[in-house]
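Peer 1: here is a sequence with its predicted model. Questions after.
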Amino acid sequence: MSKRDFYNILGVEKNVTEKELKKAYRKLALKWHPDKAKGNKDYAKKKFQDINDAYEVLNNPEKKKLYDQFGEEGLNIPAGGGFGQPGSNTFFFSSHGGMPGGFTNPEDIFKSFFGTNDPFEAENSFSNMGGGHSFHIPHNSHFQHMNNKPRIIKKYFSCTLEQLYNGCSKKMKITRKVPTMGNSLKKEEKIITINVRKGWKEGTKLTFPNSGDIHYYNGRGDDIQFILKETKHPRFNRINNDLETTVNITLKNALIGNEIIINTLDNRSLNISINQIISPDYRMKIDGEGMPISKKNGTYGNLFIKFKIIFPKTLNSDQKNYIIKALPN
């Protein structure tokens, strides 16, 4: 009797096809990845482990056969301590390096399946792979040894600071070469959608497997890697997760105080009271008004305000006397 029902975990039947199994795994692994799942992180980790363990077993014909016949316990026999059915010479051993109950690290399975450990990059990549071309290369073919590693074609896309603050979608059109049945090439246009997550930073890389030119000798497409560029903002300067802005203030207001208004990247107005003397090197911090932190939902960096003090160009004698009386030292 199995400790865990791997078929139930993935929501598939015992006669599941390879395509159905991968589809089920893809959906559940993306949903329950601890970096993406909302709510109880410990529960998400447990679900993620179960999903990957189930996929590891059901995707391996030998392990699946053992599991179907003996349940999960059939995978836990120590190396060298096998058992078999009466009258047979077949022995079964641990599924992983001779370690009882050993399963592959779920992060390794996820990376092997999606090509990345980042669930958001994986979600972006697989959402753009529908309708692609598929070519069958026979096992043990000498073509498998040619250019086995896909080329990575780098492209850049730009986002404003507002788009990185609020999140957005970018549609990128690419043109790629695709072999025809006669091994000639035709050009094909493809639209790739990039779902930009709040708080992403310049240099963020998104890889879309098999989205570039398709090569006839191995049926594989180049990987397209989009690299994020942040456009310069007229009012804010980004420093990691923090924002910095400069506000002009008169000498009078720098000395006696005032209220300033800052328009945020999500169209709010911050009313900030100045109650202290502002010196030329003073830098005010406003907690939680910086950029969203992409890997920590609902958390933000800080906003730092620098001040540029506007001095009067001239003073008349009365003004000078007032200053002397007000500032005798």
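Peer 2: Arrived safely, thanks for sending.
Peer 1: going forward, measure contacts and count neighbours with C-alpha atoms only.
Peer 2: OK.
Peer 1: where along the stretch 201-329 of the chain do the helices fall?
Peer 2: 251-256, 317-326 (DSSP state H, counting those that start in this stretch).
Peer 1: I'd like those helices laid out as a markdown table, including distance to Phe208 and mean neighbour count.
Peer 2: Listed next are those as a markdown table, based on distance: least, C-alpha to C-alpha, whole Å; neighbours: other C-alpha atoms under 10 Å:
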| stretch | distance to Phe208 | mean neighbour count |
| --- | --- | --- |
| helix 251-256 | 52 | 16 |
| helix 317-326 | 66 | 10 |
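Peer 1: distance to Glu162 added to those, as a markdown table?
Peer 2: Listed next are those as a markdown table, based on distance: least, C-alpha to C-alpha, whole Å:
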| stretch | distance to Glu162 |
| --- | --- |
| helix 251-256 | 30 |
| helix 317-326 | 44 |
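Peer 1: mean pLDDT and distance to Val178 for the ones you listed - can I get that in CSV?
Peer 2: Formatted as CSV, those follow (pLDDT from 0 to 100; distance: least, C-alpha to C-alpha, whole Å):
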stretch, mean pLDDT, distance to Val178
helix 251-256, 91, 65
helix 317-326, 89, 78
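Peer 1: poorly predicted segments of the stretch 101-250 of the chain, please.
Peer 2: When residues are selected by pLDDT under 70, those of the stretch 101-250 of the chain lie in 101-102, 125-149, 181-183, 216-218.
Peer 1: rerun that using 50 as the cut-off
Peer 2: By pLDDT under 50, the weakly predicted segments of the stretch 101-250 of the chain are 101, 130-147.
Peer 1: residue boundaries of the strands in it?
Peer 2: Ranges of strands in the stretch 101-250 of the chain, per DSSP state E, counting those that start in this stretch, are 152-159, 168-179, 185-196, 205-208, 223-230, 236-239, 242-250.
Peer 1: what's the third one packed up against?
Peer 2: Looking back up the chat, that one is strand 185-196. helix 119-127, strand 168-179 (3 or more C-alpha pairs under 8 Å, 6 or more residues apart in numbering; DSSP states H and E).
Peer 1: CSV please, covering those and showing distance to Glu62 and mean neighbour count.
Peer 2: Listed next are those as CSV, based on distance: least, C-alpha to C-alpha, whole Å; neighbours: other C-alpha under 10 Å:
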stretch, distance to Glu62, mean neighbour count
helix 119-127, 28, 19
strand 168-179, 36, 14
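Peer 1: out of those, nearest to Lys325?
Peer 2: For the helices and strands packed on strand 185-196, the distance to Lys325 is smallest for strand 168-179, at 57.0 Å, taking C-alpha to C-alpha.
Peer 1: parallel or antiparallel, which strands does the closest one pair with?
Peer 2: According to DSSP bridges, strand 168-179 has the following sheet partners: strand 185-196 (antiparallel).
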